[in-house]
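[1] Following is a predicted model, sequence given first.
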Amino acid sequence: MRNLLSIFILIALMTTACKPKVIDETSSENRVNTFTFYEDTLNPGLTAATYKIDHSGDTGRIYSKDSLRFGTRLDSVIPYITYVATPGSATFYLPNDTIISTGIDTLNLTQKPVYLRVLASDLKSERWYRIDIDAHKIDPYLYVWQQIGKNIFPEQNCETKAFYTNGKFVLFLNNGISTEIYLSSNAEAWSKSATAIQGLPTPCQVRDILLHNDTLYYIADNQLYCSGNLHTWSSTDYSSAQFEPINMLLSYDEMAWCLLQERTTKRLMLGIVKGGLIEPMTDLQGMEDGYLPTHFPISDFAALQFESSSERPRAMIVGGRAINGSPVNSRWNLEHVITETGYRIKDFTISQPTFHTLTGAAIVQYGGKLVMFGGIDNNLDWNSDILYSDDEGMHWYLPDTSQNKMPEDYITRQYPSVIHLNNCLYVIGGSSQNSTLRDVYKGQLNSLR
């Protein structure tokens, strides 16, 4: 009997030694570790976004680094949340609802404000977060256009050219008899300048005037005209020079560029204006002996300096008319050669462009693209569409008209003046098939508002 009792005691001791000791495991940790959303194939912008968690302050913050893309729905979403430690509970507080989280809770985040309360497993320590997840209310890729000026000068058949200089919009107008100037501070209300213009020839093709560093340049009849105050012009005669000034070209690399023709050989070349005087460019690379071909445009072209993907300024000349008057279809690239001295010009024309020969267009760089307005082709068909290029002028495309379309009252035009100022585009005047246009349109990309 005593031996049997000893066996029972031994078994009881062994059983007690093998039983795990119960420990009350609780934590005061109450922080959110990660926040995102469950994959939603109908709402893909949710999981592509980056979400931040701020634990500082009495109330932390869970928010999207950037507003979610336009069209992302937030009225029925399922957050996926992980915690630093398993909480005792997590509760969402919305203006019209309270939801104890199960981990697969559908929330309407369009209601504001939305809070998350995390209660630690010790059921004592708690932390609050405000959830700020927003989507773009407007399409960032949409252009918003409006007419801001109408009949800005008296009706007449004339040429126009507009600039922005010295803090104001300036419009030159020539009707074949005289040149006038209209001024505006906002491109909406315009007034005629009371100061008469002195020194410009009559008539004057004002659309060939070039603005460079607040100085205006114009070439006609072997004369280079310059003005620093819009109204008073001085001229330099090049009748006896070895070259004939043909036209101003563009402002590039802190210099005003022009087109010249040798009197003896009739070959075309580039020139620059320094100190009010023209100097031929003799170190132009990419062309035979530095001269331009006969099909290089000398008038009615679109030209601009723009910032390239290499973050270096480049210049481009598009379309226009050759020296024999025929329209051309070309895209010329001008750039300063960094590894060498001098400048290089190259024809980037492609065999099947979006447009053919084009004259009287205008181009600006805006929203990371080159944007083209207006012009007519060799069949005298008017280009009513806006074109854009996202590869620095190599190819041109029609934009999605749901994203970029001019207002219904916009008239197809040639020779518009297009100004890029303060993240806005201004399309001023030009000419239609029947008349001179006297209107102003202002446009802005929503993402730049």
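    That came through, no problem.
[2] Look up how far residue 205 lies from the nearest residue to residue 299 once chain neighbours are set aside.
    Nearest residue to residue 299 in three dimensions, chain neighbours excluded: residue 321, at 5.0 Å (CB to CB, 6 or more residues apart in numbering). Every residue, glycine included, has its C-beta placed from N, CA and C. To residue 205, residue 321 is 13 Å away according to CB to CB, to the nearest Å.
[3] Check the burial of residue 226 by counting its neighbours.
    By the measure other CB atoms under 10 Å, the count of residues near residue 226 is 19.
[4] got the residue ranges for the strands in the stretch 151-300 of the chain?
    Here the stretch 151-300 of the chain has its strands, by DSSP state E, counting those that start in this stretch, at 159-165, 168-174, 179-184, 191-192, 210-212, 215-220, 223-227, 234-237, 243-252, 255-262, 268-274, 277-280, 284-285.
[5] got those as a markdown table, with distance to residue 126 and mean pLDDT columns?
    What follows is the strands of the stretch 151-300 of the chain, written out as a markdown table (distance: least, CB to CB, whole Å; pLDDT from 0 to 100):
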| stretch | distance to residue 126 | mean pLDDT |
| --- | --- | --- |
| strand 159-165 | 58 | 97 |
| strand 168-174 | 60 | 97 |
| strand 179-184 | 61 | 98 |
| strand 191-192 | 66 | 98 |
| strand 210-212 | 65 | 98 |
| strand 215-220 | 68 | 98 |
| strand 223-227 | 73 | 98 |
| strand 234-237 | 79 | 97 |
| strand 243-252 | 64 | 97 |
| strand 255-262 | 68 | 97 |
| strand 268-274 | 72 | 95 |
| strand 277-280 | 77 | 96 |
| strand 284-285 | 72 | 83 |
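[6] can I get those strands in a markdown table with distance to residue 372?
    Output for the strands of the stretch 151-300 of the chain, formatted as a markdown table (distance: least, CB to CB, whole Å):
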| stretch | distance to residue 372 |
| --- | --- |
| strand 159-165 | 17 |
| strand 168-174 | 21 |
| strand 179-184 | 24 |
| strand 191-192 | 31 |
| strand 210-212 | 19 |
| strand 215-220 | 24 |
| strand 223-227 | 28 |
| strand 234-237 | 33 |
| strand 243-252 | 15 |
| strand 255-262 | 20 |
| strand 268-274 | 23 |
| strand 277-280 | 29 |
| strand 284-285 | 26 |
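[7] The most centrally placed residue in the chain: what's it in contact with?
    With distances taken as CA atoms, centre = their mean, the chain has residue 367 as the residue nearest its mean C-alpha position (0.9 Å). For residue 367, the contact set (CB atoms under 8 Å, 6 or more residues apart in numbering) comprises 445, 447-448.
[8] In strands only, show me these.
    residue 445 (DSSP state E).
[9] I'd guessed residue 295 sits against residue 328; true?
    Yes: using CB atoms under 8 Å, residue 295 is in contact with residue 328, at 5.5 Å.
[10] Give me the common contacts of those two.
    Common neighbours of residue 295 and residue 328, counting by CB under 8 Å, 6+ apart, are residue 322.
[11] So between these two, which is more surrounded?
    A count of neighbours by other CB under 10 Å puts residue 328 above the other of residue 295 and residue 328, at 22 against 15.
[12] Dihedrals phi and psi, that one?
    The phi and psi values for residue 328, taken as degrees, to the nearest 10, are phi -120, psi 160.
[13] which ones are touching it?
    By CB under 8 Å, 6+ apart, the contact list for residue 328 reads 295-297, 319-322, 357.
[14] before we move on, what about residue 185?
    Applying CB under 8 Å, 6+ apart, we find residue 185 in contact with 167-169.
[15] Turn those residues into CSV, including neighbour count and distance to residue 103.
    Formatted as CSV, the contacts of residue 185 follow (neighbours: other CB atoms under 10 Å; distance: CB to CB, whole Å):
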residue, neighbour count, distance to residue 103
167, 6, 60
168, 13, 62
169, 24, 60
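[16] Tell me the one among those nearest to residue 137.
    Nearest to residue 137 out of the contacts of residue 185 is residue 169 (CB to CB; 31.3 Å).
[17] Pairing-wise in the sheet, spell out the partners of the closest one.
    residue 164, residue 184 (DSSP bridges).
[18] again with the one 5 residues further on
    Listed by DSSP bridges, the beta-bridge partners for residue 174 are residue 159, residue 179.
[19] That one and residue 279: what is the separation?
    28 Å.
[20] Look at these two and report which has more neighbours.
    Neighbours per residue (other CB under 10 Å) separate residue 174 from residue 279, with residue 174 holding more: 22 against 13.
[21] so what's the more buried one up against?
    For residue 174, the contact set (CB under 8 Å, 6+ apart) comprises 158-159, 180, 202-206.
[22] and which of those residues is nearest to residue 262?
    Out of those, the member with the shortest distance to residue 262 (by CB to CB) is residue 205, at 22.9 Å.
[23] Tell me who's in contact with the closest one.
    With contact set as CB under 8 Å, 6+ apart, residue 205 has these partners: 159, 174, 220.
[24] Tell me the predicted confidence for the nearest residue to the last one once chain neighbours are set aside.
    Which is residue 220. Nearest non-adjacent residue to residue 220, counting by CB to CB, 6+ apart: residue 201, 5.6 Å away. Looking at residue 201, its pLDDT reads 95.
[25] okay, now the nearest residue to residue 157 once chain neighbours are set aside: neighbour count?
    Setting aside the residues directly before and after it, residue 157 is nearest to residue 436 in space (CB to CB, 6+ apart), at 5.8 Å. Neighbours of residue 436 under the rule other CB under 10 Å: 19.
[26] and if you look at residue 111?
    Neighbour count for residue 111, taken as other CB under 10 Å: 13.
[27] Let the chain start at 24 from now.
    Sounds good: first residue 24 from here, last item residue 134.
[28] what's the distance between it and residue 95?
    Going from residue 134 to residue 95 by CB to CB gives 16 Å.
[29] Low-confidence bits of the chain, can you list those?
    24-48, 362-364, 374-379, 400-408 (pLDDT under 70).
[30] residue ranges for the helices of it, please.
    Remark: helices assigned in the chain by DSSP state H are 25-41, 68-71.
[31] Was I right to think residue 250 contacts residue 235?
    No: contact status for residue 250 versus residue 235: not in contact, 11.4 Å apart, counting by CB under 8 Å.
[32] how about a markdown table for the contacts of residue 208, with distance to residue 255 added?
    Formatted as a markdown table, those follow (distance: CB to CB, whole Å):
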| residue | distance to residue 255 |
| --- | --- |
| 190 | 19 |
| 191 | 17 |
| 192 | 20 |
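[33] Report how many residues lie close to the residue nearest to residue 127 when sequence neighbours are not counted.
    Leaving aside its sequence neighbours, residue 127 sits nearest to residue 101 (CB to CB, 6+ apart; 5.9 Å). Burial of residue 101 is recorded as 14 neighbouring residues (other CB under 10 Å).
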